[in-house]
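1. have a look at this prediction, sequence included:
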Amino acid sequence: MRPCRSIPIPTLPTSATVGLMRYLSTRGQAPPISFLESVLGGLAPDGGLYVPETWPHLFPNETERHNAILGHYAYTAARVLLAFSGGDLEGLEQVDDADALCLQAYLNGAWPESVAPLRQIGVSDWLLELFRGPSLSFKDVAMQLLGPLYDLVLRQQKERLSILCATSGDTGGAAVEAFKNRETIDLFVLTPRGRVSSAQRRFMTTSGASNIHVLEVNGDFDICQALVKQLFSDTTFATRARLSGVNSINWGRIAAQSVYFARVAHTLGHLGPVHFVVPTGNFGDAYSGWVARQLGAPVGRILLATNANDVLVRALETGEYRRGPSRATLSPAMDIQLASNFERILFEALDRNADQLCNLQRDLSRDGACLLPSDALARLRTWFSATSVSDEETLLQLRIQAQEGNLVCPHTAVGLQARTRLKEPGFVVTLATAHPAKFPETVKQATGEHPPLPPRSRDLFERPERFEQVPAKAETIRAIVRERSRAWR
């Protein structure tokens, strides 16, 4: 994470409106902006992440809550979108309301089954299947909403954007599915060479769309993420390229992901809080669960399930947040040692003290580590617990699930193994984050079975790929964006 800096905010296609919900930077050195500005802009110009100035309450009455639980997923998503936009969508042409936009996202043919089906796997255990979208990853749930939202706003403003995205595997494929062939957007995906599965890579490289540019970086995900942040920090370049981001640093991703937490918690929470087990690397999905609780959903404890890249486990156990070398594991989407969204929850744990946060960020940038204040650490421990799962345990859980007739991806296996260590009473929901067919080699290694792709993706390995290998240098990425972005000015 970079130290705090004071930078003028670039002009975005919308402007904040008096009376609308405002969004603040965690670093406290950028002016407040509107919902649409936060979604289109991604990272704040002072290097911080945007959060709402106040937390809205999702369901003002029991009737609204009942309708959201029983209605289509799009209805619940629209309620969340309205809560966080605070009226910012009212001026958009071709959209009567948030319901119409969410119907475009979740009734568009991309979801052959339910958006987020909940399956009971034990007396008090449930599996939330979030891999039913076009790229077979939980990232689709948010990206399919951001795609039409971006396109609508940009068409109305007669603008183009260059979206810069770092991915440890699944974000890239979901972004490609959401933004391919959109005239308003050029998408540049940075992915670590040799650190994603062949299926994950092909969901990024086989779209055939001229506005998609996949760059294999010689480095790990943390390096890809650092390159993205470096380019965003170059405000002259970012303004000319009209840069935007759709990593989990983007508030739109967080808001859209909070929907399934809120929906499930309200569905099961009539007898008490619902606990969630979240396989996590960049902390975005886990933070989205915390956001759902802020909206009034009965979310209990959130268990962070990590692999050997256990920076979050060590932070909660020792109070020291220390960056370490990224280790390659069987659950590669979580091979992350610097969780970007941890800044958002730390901001809340510090009682929104931006100056204190900036001091911690300076320590982290200078020393590679920072010590969490005792009161902030105590708050974090009331919200979250964390555990690390080894590759051997991941393979064991894959075999156990296969014996029960349930093939899962290695990230979901990490979550299910972590679930065995959670002692909280009540309903527990483990997030199934990707389809097992995205990791066929690992699943077959553990179970002897080759997980088949769904029918609509059966030709994935027959499609031609298009990508290029690049060094981990900001000037190389900068030159590619400058050459290919139709938004460049």
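-> Happy to help now that I have it.

2. can we go C-alpha only for contacts and neighbour counts from here?
-> OK.

3. SS state for residue 163?
-> Classification of residue 163 using DSSP: H, G, I helix; E, B strand; the rest coil returns strand.

4. next secondary structure after the helix or strand bottoming out on mean pLDDT in the chain?
-> Least confident helix or strand of the chain, by mean pLDDT, DSSP states H and E, is helix 62-70 with a mean of 76. From helix 62-70 onward toward the C-terminus, using DSSP states H and E, the following helix or strand is helix 73-85.

5. show the average pLDDT along that next one.
-> Helix 73-85 shows a mean pLDDT of 91.

6. can you give me the strands for the stretch 1-150 of the chain?
-> With DSSP state E, counting those that start in this stretch as the criterion, the stretch 1-150 of the chain has strands at 23-25, 50-52, 118-120, 125-129.

7. next, the buried residues of the third one.
-> Counting neighbours by 16 or more other CA atoms under 10 Å, one finds that the buried residues in strand 118-120 are residue 118.

8. element containing residue 429?
-> Element membership for residue 429 (DSSP H and E) is strand 428-432.

9. and the contacts of stretch 376-394?
-> 290, 300-310, 312-313, 316, 319, 329-330, 345-346, 349-351, 410, 413-414, 417-418 (CA atoms under 8 Å, 6 or more residues apart in numbering).

10. what subset of these is buried?
-> Among those, the ones that count as buried by 16+ other CA under 10 Å are 290, 300-310, 312-313, 316, 319, 329-330, 345-346, 349-350, 410, 413-414, 417-418.

11. among those residues, which lie within helices?
-> 290, 312, 313, 316, 345, 346, 349, 410, 413, 414, 417, 418 (DSSP state H).

12. tell me who's in contact with the residue lying closest to the fifth one once chain neighbours are set aside.
-> Think residue 345. Leaving aside its chain neighbours, residue 345 sits nearest to residue 287 (7.0 Å; criterion: CA to CA, 6 or more residues apart in numbering). If you count contacts by CA under 8 Å, 6+ apart, residue 287 has them with 254, 341, 342, 344, 345.

13. now the strands for the stretch 251-400 of the chain?
-> Here the stretch 251-400 of the chain has its strands, by DSSP E, counting those that start in this stretch, at 274-279, 299-306, 320-322, 369-371, 384-388.

14. residue 226: neighbour count?
-> Per other CA atoms under 10 Å, the neighbour tally for residue 226 reads 17.

15. may I see the buried residues of the helix or strand where it lies?
-> Residue 226 is located in helix 221-233, with elements delineated by DSSP H and E. The neighbour-count check on helix 221-233 (16+ other CA under 10 Å) flags 221, 222, 223, 224, 225, 226, 227, 228, 229, 231, 232, 233 as buried.

16. ok, the fifth one - contacts?
-> Counting by CA under 8 Å, 6+ apart, residue 225 touches 166, 167.

17. do the same with the third one
-> Contacts were defined as CA under 8 Å, 6+ apart; by that measure residue 223 touches residue 472.

18. what's the local residue count around the closest residue to residue 246 other than its chain neighbours?
-> In space, and not counting its chain neighbours, residue 246 is closest to residue 165: 6.1 Å by CA to CA, 6+ apart. Around residue 165 there are 23 other residues, counting by other CA under 10 Å.

19. I'd assumed residue 227 was in contact with residue 165.
-> No. Shown here, residue 165 and residue 227 do not form a contact pair, counting by CA atoms under 8 Å, at 9.9 Å.

20. one step back: turn the buried residues of helix 221-233 into CSV, columns for pLDDT and distance to residue 275.
-> Below are those laid out as CSV (pLDDT from 0 to 100; distance: CA to CA, whole Å):
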residue, pLDDT, distance to residue 275
221, 88, 29
222, 88, 29
223, 94, 33
224, 94, 32
225, 88, 30
226, 92, 33
227, 95, 35
228, 92, 33
229, 87, 33
231, 93, 38
232, 89, 36
233, 86, 37
